[in-house]
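> mind folding the following:
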Amino acid sequence: MEKKLILRGILAGAVAGLLAFVFARIFAEPQIAKAIDYESGRDAAQNALDKAAGVPVEAADPDLFSRTIQANVGVGVGMIFFGMAMGALFAVAYTVCLGRTGGLRARNLALLVAGGGFLGMYLVPFLKYPANPPAIGHEETIQQRSALYLIMVVCSVAFLAGAVYLGKHLQARFGNWNATLLASGAFVVAIGIVMLLLPQLGHLSYNQANFGDHATETPLPLTDSKGTIVYPGFPADVLFDFRFYSVAAQFILWAVIGLVFGPLAERLLNPVRPDVTAPSQDPVPA
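As a prediction, this is how the structure comes out:
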């Protein structure tokens with residue numbers, strides 16, 4: 001049974017990844033293109049400043065794949081495989097929840113688990129470390145940023161599971177409504193403490209040493225030796241649109257996983273059986 005549920009989760013994840021890619025290709029990809037254009041223009045301006053100051057300029061490495069391949073094949077295949085991985089994790093969580101959620105129907109449970117996955121795996125970590133397009137972020141801090149984001153994901157999922165466990169134990173004493181509020185409050189407090197303890201990306205040691213005290217790694221205006229702005233900072237509209245469409249794409253991914261998996265699981269768990277009391281439709285033998 002568990003293997004069959006996981007296979008259905010992988011299938012639902014593949015469908016969800018495909019639909020999320022189509023959405024991202026239409027809405028998020030133009031923002032990525034704008035970010036890459038900004039990065040190219042900023043690099044050209046920086047090279048001009050370096051040449052004027054007598055600093056040697058290194059030639060940029062050629063791209064292994066064209067932007068067309070990256071935006072279509074690369075991102076598409078990546079999102080489908082990511083969706084399949086999330087679908088498998090979703091199915092495991094769904095299997096764990098089976099029999100422990102009262103009389104919830106298979107479809108309703110699928111939507112609740114999908115909502116928890118979206119909240120714990122993406123939305124809560126996003127509030128602390130939101131997604132950034134190209135041109136934002138420094139190569140020297142990739143490992144630190146990845147580790148911090150992973151910590152947020154682990155804490156978010158663990159605290160969410162703990163909140164569900166706490167709510168079930170408080171249910172008998174306080175009722176469903178009050179138990180849900182108390183468990184939700186405990187989750188918000190716990191994850192809020194973690195967010196306060198983890199540093200802002202702009203406060204990482206490398207960033208503070210090279211760029212000063214800023215909250216993020218978003219590029220500021222590029223200035224020359226006299227302080228004159230020679231290239232603007234990263235466009236706020238592009239950053240907002242990219243983050244908005246990133247959240248929307250993840251919402252589509254998890255919503256489709258729940259909507260596709262629910263009916264598949266319901267057919268597996270509650271197969272339709274012929275009514276033995278119904279009259280037979282076969283012809284009466286002569």
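> residues near Ser225, how many?
Using other Cβ atoms under 10 Å, Ser225 has 8 other residues around it. Where you see a C-beta, it was placed from the backbone N, CA and C, and this is true even at glycine.
> and the nearest residue to it once chain neighbours are set aside, how far is that from Asn210?
Nearest residue to Ser225 in three dimensions, chain neighbours excluded: Ala53, at 7.3 Å (Cβ to Cβ, 6 or more residues apart in numbering). Ala53 sits 17 Å away from Asn210, taking Cβ to Cβ, to the nearest Å as the criterion.
> also Ser66?
Per Cβ to Cβ, Ser66 is found 32 Å from Asn210.
> same check, this time on Thr228
Applying Cβ to Cβ to Thr228 and Asn210 gives a distance of 21 Å.
> which is the next helix or strand following the helix or strand harbouring Ile193?
Under the criterion of DSSP states H and E, Ile193 resides in helix 142-197. Using DSSP H and E, the helix or strand that follows helix 142-197 in sequence is helix 205-211.
> just the buried residues of that next one, please?
The neighbour-count check on helix 205-211 (16 or more other Cβ atoms under 10 Å) flags Asn207 as buried.
> ok, and what's touching that helix?
The contact list for helix 205-211 (Cβ atoms under 8 Å, 6 or more residues apart in numbering) reads His138, Glu140, Thr141, Gln144, Leu201, Gly202, His214, Glu217, Leu220.
> 6 Å instead, please
With contacts defined as Cβ atoms under 6 Å, 6 or more residues apart in numbering, helix 205-211 is touched by Glu140, Thr141.
> can you report how many residues lie near Gly175?
Neighbours around Gly175, by other Cβ under 10 Å: 11.
> right, I mislabeled it, should have said Ile229
Neighbours of Ile229 (other Cβ under 10 Å): 11.
> check contacts around the residue nearest the centre of the chain.
Nearest to the mean C-alpha position of the chain, by Cα atoms, centre = their mean, lies Tyr122 at 3.9 Å. The contact partners of Tyr122, by Cβ under 6 Å, 6+ apart, come to Gln250.
> ok, Gly120 next?
Taking Cβ under 6 Å, 6+ apart, one finds Ser156, Val157, Leu160 in contact with Gly120.
> by mean pLDDT, point me to the weakest helix or strand of this structure.
helix 67-69 (a mean of 78; mean pLDDT, DSSP states H and E).
> so how far is it from its chain's centroid?
23 Å (Cα atoms, centre = their mean, to the nearest Å).
> quick check: next helix or strand after that helix?
Following helix 67-69 toward the C-terminus (DSSP H and E): helix 75-97.
> give me the contact list for that following helix.
By Cβ under 6 Å, 6+ apart, helix 75-97 touches 2, 5-6, 9-10, 12-14, 16-18, 20-21, 113, 117, 253, 257.
> buried residues in that helix?
Across helix 75-97, burial judged by 16+ other Cβ under 10 Å covers 75-76, 79-80, 82-84, 86-91, 93-95, 97.
> same deal with stretch 21-33?
Phe21, Phe23, Ala24, Arg25, Phe27, Ala28, Glu29, Gln31, Ile32.
> okay if I get those as a markdown table plus secondary structure and distance to Asn108?
Shown next, in a markdown table, are those (DSSP: H, G, I helix; E, B strand; the rest coil; distance: Cβ to Cβ, whole Å):
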| residue | secondary structure | distance to Asn108 |
| --- | --- | --- |
| Phe21 | helix | 28 |
| Phe23 | helix | 25 |
| Ala24 | helix | 28 |
| Arg25 | helix | 32 |
| Phe27 | helix | 30 |
| Ala28 | coil | 31 |
| Glu29 | helix | 35 |
| Gln31 | helix | 35 |
| Ile32 | helix | 37 |
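> pull the most distant pair out of these.
Within the buried residues of stretch 21-33, Phe21 and Gln31 form the most distant pair, 15.1 Å apart (Cβ to Cβ).
> one step back: return the members of the contacts of helix 75-97 classed as buried.
Using 16+ other Cβ under 10 Å, the buried ones in the contacts of helix 75-97 are 5-6, 9-10, 12-14, 16-18, 20-21, 113, 117, 253, 257.
> mind checking the SS state of the nearest residue to Val260 once chain neighbours are set aside?
The spatially closest residue to Val260, leaving aside those adjacent along the chain, is Ala12, at 3.9 Å (Cβ to Cβ, 6+ apart). Of the three states, Ala12 takes helix under DSSP: H, G, I helix; E, B strand; the rest coil.
> roughly how far apart are Ala12 and Phe23?
On the measure of Cβ to Cβ, Ala12 and Phe23 end up 17 Å apart.
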